[in-house]
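Engineer: Provided below are the primary sequence and the corresponding predicted coordinates.
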Amino acid sequence: SAPPIETDAVIIGAGPVGLFQVFELGLLDIKAHVIDSLSHLGGQCVELYPDKPIYDIPAVPMCTGQELTDNLLKQIEPFKPTFHLGQDVTELQRQDDGRFVVRTSKDTTLLTKTVFIAAGVGSFQPRTLKVEGLDAFEGTQLFYRVKNPAVFAGKNLVVVGGGDSALDWALHFAQDDAHRAESVILVHRRDGFRAAPASVAKMHALCEQHAMQFVVGQITGFEADGDGRLSQVKLTGNDGITRRLPLDMLLVFFGLSPKLGPIAHWGLDLERKQILVDTEKFQTNIPGIFAVGDINTYPGKKKLILSGFHEAALAAFGAAHTIFPDKKIHLQYTTTSPKLHKVLGVE
Ligand code: FAD
């Protein structure tokens with residue numbers, strides 16, 4: 001595998017606090033790599049409430065989750081962080097020289113002097129279909145995300161879910177010239193959707209043209225054939241009757257839910273799934289590893305974006321001593337400091 005990327009700081013999580021951590025580190029001349037399991041930036045603000053207004057960001061009377069993220073990205077632009085998206089941090093190991101090896105699910109490996117865990121409520125992972133034994137087919141015939149749509153072309157597909165992802169992919173495989181499936185059956189537990197009305201209308205139109213089917217019900221079991229391949233799923237309708245749907249592949253879109261995941265196994269002191277930190281540097285029990293934002297806890301902790309911003313500032317100062325042990329770190333104002341103007345590119 002490729003040699004590790006050497007850096008001064010790795011930030012785990014690209015929510016509002018992880019993004020502002022880039023800024024606070026940047027002011028102290030520390031460049032950062034940022035990793036997130038989502039393929040987009042902004043954490044909860046973008047994943048859970050992109051269009052909802054936030055009213056308690058200091059000096060910003062109102063902005064939406066997406067606007068807050070866009071503004072943070074603009075603010076950190078001068079510091080040119082490197083983003084590694086769509087990958088979970090799976091490993092964090094301390095080396096003998098005090099540095100840390102950080103490894104992700106896409107085999108990105110970084111060697112860093114400091115780590116900032118800004119992992120919020122955990123990494124967003126697809127909610128799974130709870131049918132005993134079905135997980136054995138994950139990655140071969142059962143999928144929670146589409147990485148390569150070509151894999152599904154010409155296949156008999158059952159698509160489960162009632163949100164935009166389920167509708168979008170069902171429509172895609174029912175009508176796309178390059179990826180058209182042999183058949184598409186959309187399954188949802190009720191005849192009502194949390195998806196764009198235009199997509200729902202299109203789905204009904206395609207059903208009328210017999211280009212796909214929609215069935216109300218829940219997957220409650222499955223059958224495998226002699227070769228151990230998933231051959232049928234059992235679908236229990238609201239009438240209580242169980243029917244069988246033959247298929248090649250099952251696509252499930254039940255949305256995402258956050259999981260603490262591997263962070264629990266890195267030797268950090270935890271309290272009720274939160275990382276314990278001091279309130280001087282927001283450092284964990286492992287020197288060089290800091291935790292900021294919703295993931296940390298300390299007496300009086302409030303899970304607010306503004307608290308996370310304050311934590312990021314003090315954590316950056318805390319880390320500066322580790323990264324530049326011989327340098328005296330002074331507090332400087334962005335308004336008046338020529339040095340800060342230089343790093344901000346506003347000379
Ligand atoms: P998050 O936003 O949770 O981001 C953490 C990121 O880390 C995620 O993107 C996740 O995918 C990633 N991650 C986690 N683990 C890993 C891993 N192992 N590998 C890779 N990536 C990982 N707060 C306010 O101050 N004001 C409000 O008005 C407000 N309104 C809210 C409304 C709603 C509906 C909700 C749900 C929350 C609201 N909040 C509000 C809370 C606010 O959104 C959180 O405090 C904030 O998002 C925390 O930011 P964060 O950067 O710490 O974590």
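Structural biologist: Great, that's in hand. Residues are numbered from 1 along each chain as shown.

Engineer: can you map out the helices along the stretch 151-300 of the chain?
Structural biologist: Using DSSP state H, counting those that start in this stretch, the helices found in the stretch 151-300 of the chain span residues 164-175, 197-208.

Engineer: which other residues reach the last one?
Structural biologist: Around helix 197-208, the neighbours that count as contacts under C-beta atoms under 8 Å, 6 or more residues apart in numbering are 164, 167-168, 170-171, 174-175, 186, 193, 212-214. For the C-beta atoms, the positions are set from N, CA and C on the backbone; glycine is no exception.

Engineer: let's see if you can find the most crowded of those residues.
Structural biologist: residue 170 (31 neighbours; other C-beta atoms under 10 Å).

Engineer: neighbours of the closest residue to residue 235 other than its chain neighbours, how many?
Structural biologist: Excluding its sequence neighbours, the residue lying closest to residue 235 (C-beta to C-beta, 6 or more residues apart in numbering) is residue 217, at 4.4 Å. Per other C-beta under 10 Å, the neighbour tally for residue 217 reads 20.

Engineer: wait, residue 217 touches residue 237, no?
Structural biologist: Yes: using C-beta atoms under 8 Å, residue 217 is in contact with residue 237, at 4.2 Å.

Engineer: between the two, which contacts overlap?
Structural biologist: Joint contacts of residue 217 and residue 237 (C-beta under 8 Å, 6+ apart) are residue 243.

Engineer: contacting residues around the residue in the stretch 201-347 of the chain positioned nearest to the ligand?
Structural biologist: Nearest residue of the stretch 201-347 of the chain to the ligand: residue 293, at 2.2 Å (C-beta to the nearest ligand atom). Neighbouring residues of residue 293 by C-beta under 8 Å, 6+ apart: 13, 15-18, 118-120, 308, 311-312.

Engineer: any idea how far it is from residue 301?
Structural biologist: 10 Å (C-beta to C-beta, to the nearest Å).

Engineer: which bits of the stretch 151-300 of the chain sit near the ligand?
Structural biologist: Within the stretch 151-300 of the chain, the positions near the ligand by C-beta under 6 Å from any ligand atom are 261-263, 293-294.

Engineer: list only those of those residues flagged as buried.
Structural biologist: Buried subset of those (neighbour count, 16 or more other C-beta atoms under 10 Å): 262-263, 293-294.

Engineer: any chance of the contacts of helix 197-208 in CSV, plus pLDDT?
Structural biologist: Shown next, in CSV, are those (pLDDT from 0 to 100):
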residue, pLDDT
164, 92
167, 97
168, 96
170, 98
171, 98
174, 98
175, 96
186, 98
193, 96
212, 98
213, 98
214, 97
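
Engineer: tell me which of those is nearest to the ligand?
Structural biologist: Once C-beta to the nearest ligand atom is applied, the member of the contacts of helix 197-208 that ends up nearest the ligand is residue 164, at 17.8 Å.

Engineer: that closest one touches residue 195, doesn't it?
Structural biologist: Yes: between residue 164 and residue 195 there is a contact under C-beta under 8 Å: 4.6 Å.

Engineer: surely residue 135 and residue 144 touch.
Structural biologist: No: applying C-beta under 8 Å, one finds residue 135 not in contact with residue 144, separated by 10.5 Å.

Engineer: in contact with the spatially closest residue to residue 161 that is not a sequence neighbour, which residues?
Structural biologist: Distances taken as C-beta to C-beta, 6+ apart place residue 253 nearest to residue 161, at 3.6 Å, with adjacent residues excluded. With contacts defined as C-beta under 8 Å, 6+ apart, residue 253 is in contact with 126, 144, 159-161, 163, 165-166, 169.

Engineer: residue 153: which of those is nearest?
Structural biologist: residue 169 (12.5 Å; C-beta to C-beta).

Engineer: wait, that closest one sits on residue 144?
Structural biologist: No: using C-beta under 8 Å, residue 169 makes no contact with residue 144, being 11.3 Å away.

Engineer: from the stretch 101-250 of the chain, which residue is nearest to the ligand?
Structural biologist: Counting by C-beta to the nearest ligand atom, the stretch 101-250 of the chain gets nearest the ligand through residue 120, at 1.8 Å.

Engineer: and the pLDDT for that residue?
Structural biologist: Looking at residue 120, its pLDDT is 95.

Engineer: and for it, the neighbour number?
Structural biologist: Residue 120 - counted by other C-beta under 10 Å - has 26 other residues nearby.
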